[in-house]
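Student: the following block contains a protein sequence and its predicted model.
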Amino acid sequence: TLQPTLQPTTLSPTLQPTTLAPTLTPTISKRLGGGGRHFIVLQHNGQVFGVGQNVLGQLGLGTNTNALVPQPMLSVANAVDITTGLQHSCVLDAGQVKCTGANSNYQLGDGTVTARNTIVSANGLGTGVVEVHGGSYGSCAKTASGGGQCWGNFAAFDRATPLDVTVPGENSFDANGLVV
């Protein structure tokens, strides 16, 4: 009887690991923001990375290509806060609020309705911004004094540039019930 014999063959060269993208610093991230289909991550060193859908430039990468692995947001080096909306992202970087992505409802605060794939400064913000917050189609900045400014599309307004907002407090009304 004949016995079959196996002949050694080489199927393919061995795959070597490669780095697909800059990696996040191996530390715990400071903050994470999640939008409609994208995420941005603020690291303790002030860098911001984005991953996910980027069709309107919401990751701030300079392109509209989706990111399957975290990519660094361009022109951001000293961020202290981040936020996301449905298809936009904002950072508080070096004392300025800067946003990127969808802008059909003025959500970037630059006075236009042009989507951006790199960050632009929100125009007309006062000084002393300490936090930035995002909604689906708009954003707000909180100041050290506790005040705030918002821009974009909210149920009560549609603003191309920041608008001062007052949150009524315990002693914020005059005798006629008007905000003071």
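Tutor: Yes, it's here. Numbers count the residues shown, from 1 in each chain.
Student: ok, the residue sitting nearest the centre point of the chain - contacts?
Tutor: Centroid-nearest residue in the chain, with C-alpha atoms, centre = their mean: residue 89, separated by 2.5 Å. Counting by C-beta atoms under 8 Å, 6 or more residues apart in numbering, residue 89 makes contact with 33, 35, 38, 40, 50, 58-60, 73, 82-83, 99-101, 134. Placement of C-beta: from N, CA and C, glycine included.
Student: distance from the helix or strand where it lies to the middle of the chain?
Tutor: Element membership for residue 89, per DSSP states H and E: strand 88-93. Per C-alpha atoms, centre = their mean, to the nearest Å, the displacement of strand 88-93 from the mean C-alpha position of its chain is 5 Å.
Student: note down every partner strand of it and its orientation.
Tutor: Counting by DSSP bridges, the strands paired with strand 88-93 are strand 79-84 (antiparallel), strand 96-101 (antiparallel).
Student: residues contacting the first one, please?
Tutor: Pointing back at strand 79-84 there. So strand 79-84 is contacted by 31, 33-35, 38-42, 46-48, 58, 89-93, 130-134, 139 (C-beta under 8 Å, 6+ apart).
Student: go again using 7 Å as the cut-off
Tutor: Identification of contacts with strand 79-84 by C-beta atoms under 7 Å, 6 or more residues apart in numbering yields 31, 33-35, 38, 40, 42, 46, 48, 89-93, 131-134, 139.
Student: please apply the same query to stretch 59-72.
Tutor: Outside of stretch 59-72, the residues within contact range by C-beta under 7 Å, 6+ apart are 20-22, 24, 38, 41, 47, 49-57, 73-74, 89, 100, 117-119.
Student: quick one: end-to-end length of that stretch, please.
Tutor: The straight-line separation of the ends of stretch 59-72 (C-alpha to C-alpha, to the nearest Å) is 9 Å.
Student: pick the most deeply packed of the strands paired with strand 88-93.
Tutor: strand 96-101 (a mean of 26; mean count of other C-beta atoms under 10 Å).
Student: isn't residue 129 up against residue 92?
Tutor: Yes. Taking contacts as C-beta atoms under 7 Å, residue 129 lies within contact range of residue 92: 6.0 Å.
Student: if we can go back for a sec, which of the contacts of strand 79-84 count as buried?
Tutor: 33, 35, 38, 40, 42, 48, 89-93, 132-134, 139 (16 or more other C-beta atoms under 10 Å).
Student: contact partners of the helix or strand hosting residue 41?
Tutor: Assigned by DSSP H and E, residue 41 belongs to strand 38-42. Contact with strand 38-42 is made by 24, 29-33, 48-54, 58-59, 70, 73, 79, 82, 84, 89, as judged by C-beta under 7 Å, 6+ apart.
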